[in-house]
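Undergrad: Below is the structure, and that's it, no one-letter string:
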């Protein structure tokens, strides 16, 4: 029994350890996208709507087949003022039974038009799923890179705090040596406090980005995200850009909202044909079998059912003559909907063009900003190191030191922001061309 208990505890521990490992695993961008595509609520909703659309298609196809129904009626009849029947009873019981079928032979092609339109709806819904998946992929990519930027910003601010602390301690030594005044030391302490505040603010920004990414991944409250940091270098920012025309032409053929817009126009044209079928006659074939019986006749139930058995077959023709403008209005409304669908289609193309142009200009702008920021960081580092050495020797005052330090810090922040935004813009350009999203080899930090 003791061995069994130990085994149970061991297995439970393994299971809990696995859950902890899963919730604290290192997330690559690919992991995040794959997980979100599987668990995102909007993607799941789109798939549920596709199942509903497919069921509607099956129902539309079933309209081509004959219907079959069974009906029965049972009545108890009382004749209080009539003479008694042969059984001495003024009440009688009547039962009827029928099996009926009908099929549409012609209705202006409405049934087949409905099937074709519903099949288009299935395709449109499939495109909506792709659209939902694209939306979550883009949101995950942006949030992931924003979190990487926030994490690197925290690292820079933490390093700045360490340097500020060391400078303050050095300032204490210089004050004791008589090289600086108490006001200079107070400035160093104030800068040290400000840098600690900036570190707290950077950590809060990182937590906010983590929360945003968790929500996109549909993670639980206590789950934490540890990112696998990709090996991004300057070469990943200094990429060659395709032309806007190349990106846009590829996006027109790849992005699902464009194809769904085109199919929506085609679907609305079916609405016009369906509405026009209201002007045409309809012809239905009906058939049925039935029987009945009645109490008080003196004949047995079986005898009545046999002798009252009947068969019927018939044609029902309906020719519209005056529909109080229903058909005419239906056609007009359907034509207006076609026009509206065409405008939506054109608007989707214009929105895509605007998006491509915006992303392209962002990529170009952040490339240039990164190059300028990289040069600024290099020069600011050299200048800051020189001023810091001179400050330690008493050759520079506190104001000059802090000015150089803040210039260096600002240049670092500008460079990492430009780096991640340039990478994001490049990934978006690849995505709109149908090349997918893939960061350089990701490594653990």
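TA: In hand now; what should we look at? Just so we're clear, the structure is a prediction, and the values are computed from it rather than from any experiment.

Undergrad: Tell me where the stretch 101-250 of the chain has helices.
TA: Assigned by DSSP state H, counting those that start in this stretch, the helices in the stretch 101-250 of the chain fall at 110-177, 182-217, 244-254.

Undergrad: Tabulate those helices in TSV, adding columns for mean neighbour count, distance to residue 386 and mean pLDDT.
TA: Heads up, the C-betas are built off the backbone N, CA and C, glycines and all. Output for the helices of the stretch 101-250 of the chain, formatted as TSV (neighbours: other C-beta atoms under 10 Å; distance: least, C-beta to C-beta, whole Å; pLDDT from 0 to 100):
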stretch	mean neighbour count	distance to residue 386	mean pLDDT
helix 110-177	18	15	92
helix 182-217	17	18	91
helix 244-254	16	44	95
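
Undergrad: Tell me which of these lies nearest to residue 306.
TA: Closest approach to residue 306 among those (C-beta to C-beta): helix 110-177, 38.6 Å.

Undergrad: Could you list every helix and strand that that closest one packs against?
TA: The contact analysis (3 or more C-beta pairs under 8 Å, 6 or more residues apart in numbering; DSSP states H and E) places helix 110-177 against helix 29-39, helix 41-62, helix 182-217, strand 226-227, strand 229-230, helix 256-276, helix 326-392, helix 398-432.

Undergrad: any chance of those in a markdown table, plus distance to residue 100?
TA: A markdown table is the format used below for the helices and strands packed on helix 110-177 (distance: least, C-beta to C-beta, whole Å):
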| stretch | distance to residue 100 |
| --- | --- |
| helix 29-39 | 49 |
| helix 41-62 | 17 |
| helix 182-217 | 56 |
| strand 226-227 | 67 |
| strand 229-230 | 69 |
| helix 256-276 | 27 |
| helix 326-392 | 28 |
| helix 398-432 | 58 |
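
Undergrad: hey, least reliable of those by pLDDT?
TA: Least confident of the helices and strands packed on helix 110-177, judged by mean pLDDT, is strand 229-230 with a mean of 80.

Undergrad: Neighbouring strands - and their directions - for it?
TA: Paired neighbours of strand 229-230 in the sheet (DSSP bridges): strand 442-443 (antiparallel).

Undergrad: quick one: average pLDDT of the partner strand?
TA: Mean pLDDT, strand 442-443: 48.

Undergrad: max-length strand in this protein?
TA: As assigned by DSSP state E, the longest strand anywhere in the chain is strand 91-106.

Undergrad: outside of stretch 62-78, which residues touch it?
TA: Residues outside stretch 62-78 that contact it (C-beta atoms under 8 Å, 6 or more residues apart in numbering) are 90-104, 111-112, 114-115.

Undergrad: As JSON lines, the helices of the stretch 101-250 of the chain with distance to residue 347 would be great.
TA: What follows is those, written out as JSON lines (distance: least, C-beta to C-beta, whole Å):
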{"stretch": "helix 110-177", "distance to residue 347": "15"}
{"stretch": "helix 182-217", "distance to residue 347": "27"}
{"stretch": "helix 244-254", "distance to residue 347": "14"}
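
Undergrad: Please identify which of those helices is closest to residue 325.
TA: Residue 325 lies closest, by C-beta to C-beta, to one member of the helices of the stretch 101-250 of the chain: helix 110-177, at 19.1 Å.

Undergrad: The closest one vs strand 91-106, what angle?
TA: Going by axes from the mean of the first three to the mean of the last three C-alpha atoms, to 10 degrees, helix 110-177 is angled at 80 degrees with respect to strand 91-106.

Undergrad: Adjust the sequence numbering to begin at 734 for everything that follows.
TA: I'll keep to 734 as the first residue from here, and by that count the last item is helix 843-910.

Undergrad: what's the angle from helix 843-910 to helix 915-950?
TA: On the basis of the same axes, to 10 degrees, helix 843-910 is oriented at 160 degrees to helix 915-950.

Undergrad: In this protein, which residue is most central in space?
TA: Centroid check for the chain by C-alpha atoms, centre = their mean gives residue 865 as the closest residue, at 3.1 Å.

Undergrad: correct me, but that one touches residue 776?
TA: Yes. Judged on C-beta atoms under 8 Å, residue 865 makes contact with residue 776 at a distance of 4.8 Å.

Undergrad: helix or strand for residue 1047, which one?
TA: strand 1043-1051 (DSSP states H and E).

Undergrad: now that strand and strand 824-839, what's the angle there?
TA: Angle, strand 1043-1051 to strand 824-839, by the same axes, to 10 degrees: 50 degrees.

Undergrad: and strand 1043-1051, what other elements does it pack with?
TA: Strand 1043-1051 sits against strand 1015-1027, with contacts defined as 3+ C-beta pairs under 8 Å, 6+ apart.

Undergrad: need the contact list for the residue nearest to residue 1070 when sequence neighbours are not counted.
TA: Leaving aside its sequence neighbours, residue 1070 sits nearest to residue 1001 (C-beta to C-beta, 6 or more residues apart in numbering; 4.8 Å). Applying C-beta under 8 Å, 6+ apart, one finds that residue 1001 lies in contact with 1067, 1070-1071, 1073-1074.

Undergrad: Look up how far residue 1073 lies from residue 1001.
TA: Using C-beta to C-beta, to the nearest Å, residue 1001 is found at 8 Å from residue 1073.

Undergrad: same question, residue 864
TA: Using C-beta to C-beta, one gets 20 Å for the distance from residue 864 to residue 1073.

Undergrad: that older thread, just the buried members of the contacts of residue 1001?
TA: 1067, 1070-1071, 1074 (16 or more other C-beta atoms under 10 Å).

Undergrad: picking that back up, could I get the average pLDDT for the longest strand of the chain?
TA: Strand 824-839 comes out with an average pLDDT of 92.

Undergrad: which other helices and strands contact it?
TA: Under the contact criterion of 3+ C-beta pairs under 8 Å, 6+ apart, strand 824-839 touches strand 800-811, strand 1015-1027.

Undergrad: what angle sits between the first one and strand 824-839?
TA: Okay, so that is strand 800-811. 160 degrees.

Undergrad: can you check the last one too?
TA: Angle, strand 1015-1027 to strand 824-839, by the same axes, to 10 degrees: 160 degrees.

Undergrad: Adjacent strands (with direction) for strand 1015-1027?
TA: In the sheet, strand 1015-1027 lines up with strand 824-839 (antiparallel), strand 1043-1051 (antiparallel) (DSSP bridges).

Undergrad: List the buried residues in the shortest one.
TA: Of the residues in strand 1043-1051, none count as buried by neighbour count, 16+ other C-beta under 10 Å.

Undergrad: re earlier: out of the helices of the stretch 834-983 of the chain, which is closest to residue 1045?
TA: For the helices of the stretch 834-983 of the chain, proximity to residue 1045 was assessed by C-beta to C-beta; helix 843-910 is nearest, at 24.1 Å.

Undergrad: so how far is the closest one from its chain's centroid?
TA: How far helix 843-910 lies from its chain's middle: 15 Å, per C-alpha atoms, centre = their mean, to the nearest Å.

Undergrad: and what of stretch 933-948?
TA: For stretch 933-948, the separation from the chain centroid amounts to 22 Å (computed by C-alpha atoms, centre = their mean).
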